[in-house]
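K.L.:
coords below, sequence missing:
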Ligand SMILES: C=C(O[C@@H]1C=C(C(=O)O)C=C[C@H]1O)C(=O)O
């Protein structure tokens, strides 16, 4: 049985790609949180509010468009971004309290 015909082989091949993609996602998220930490510290120094709903509205609109173009469920993409942004704002509030 060839690798393509053997479901066990095919499952291993696909899971190997999933593991690579998960690693990429973790690295991308780590870089994003490094950037947002800098933003949070800058906002705390400058006395800016931790959250910026106008900026978030622009990001959500853009993400919805990108999701539709790339075949990702835009509702899921929006939920995913909301979880990330909520965590970022929590971090920014901590920086503001420490300032
Ligand atoms: C990072 C920022 O702070 C908050 C977090 C955002 C994000 O994670 O993308 C976007 C807007 C803000 O509510 C920012 O203002 O750019």
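P.N.:
Arrived safely. Just so we're clear, the structure is a prediction, and the values are computed from it rather than from any experiment.

K.L.:
what parts of the protein come near the ligand?
P.N.:
Counting by CB under 6 Å from any ligand atom, the chain comes close to the ligand at 36, 39, 51-52, 55-56, 59, 84-85, 88-89, 92. Placement of C-beta: from N, CA and C, glycine included.

K.L.:
now the residues you listed in a markdown table, with pLDDT and neighbour count?
P.N.:
Converted to a markdown table, the residues of the chain next to the ligand look like this (pLDDT from 0 to 100; neighbours: other CB atoms under 10 Å):
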| residue | pLDDT | neighbour count |
| --- | --- | --- |
| 36 | 98 | 17 |
| 39 | 98 | 16 |
| 51 | 98 | 15 |
| 52 | 98 | 16 |
| 55 | 98 | 10 |
| 56 | 97 | 14 |
| 59 | 97 | 14 |
| 84 | 98 | 13 |
| 85 | 98 | 17 |
| 88 | 98 | 19 |
| 89 | 98 | 17 |
| 92 | 97 | 23 |
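
K.L.:
helices - which of those land there?
P.N.:
Among these, the members found in helices (DSSP state H) are 36, 39, 55-56, 59, 84-85, 88-89, 92.

K.L.:
ok, so of the residues of the chain next to the ligand, who is nearest residue 69?
P.N.:
Closest approach to residue 69 among the residues of the chain next to the ligand (CB to CB): residue 59, at 15.6 Å.

K.L.:
so what touches stretch 36-49?
P.N.:
Residues outside stretch 36-49 that contact it (CB atoms under 8 Å, 6 or more residues apart in numbering): 50, 88, 91-92, 95-96, 98-99.

K.L.:
cheers, nothing more for now.
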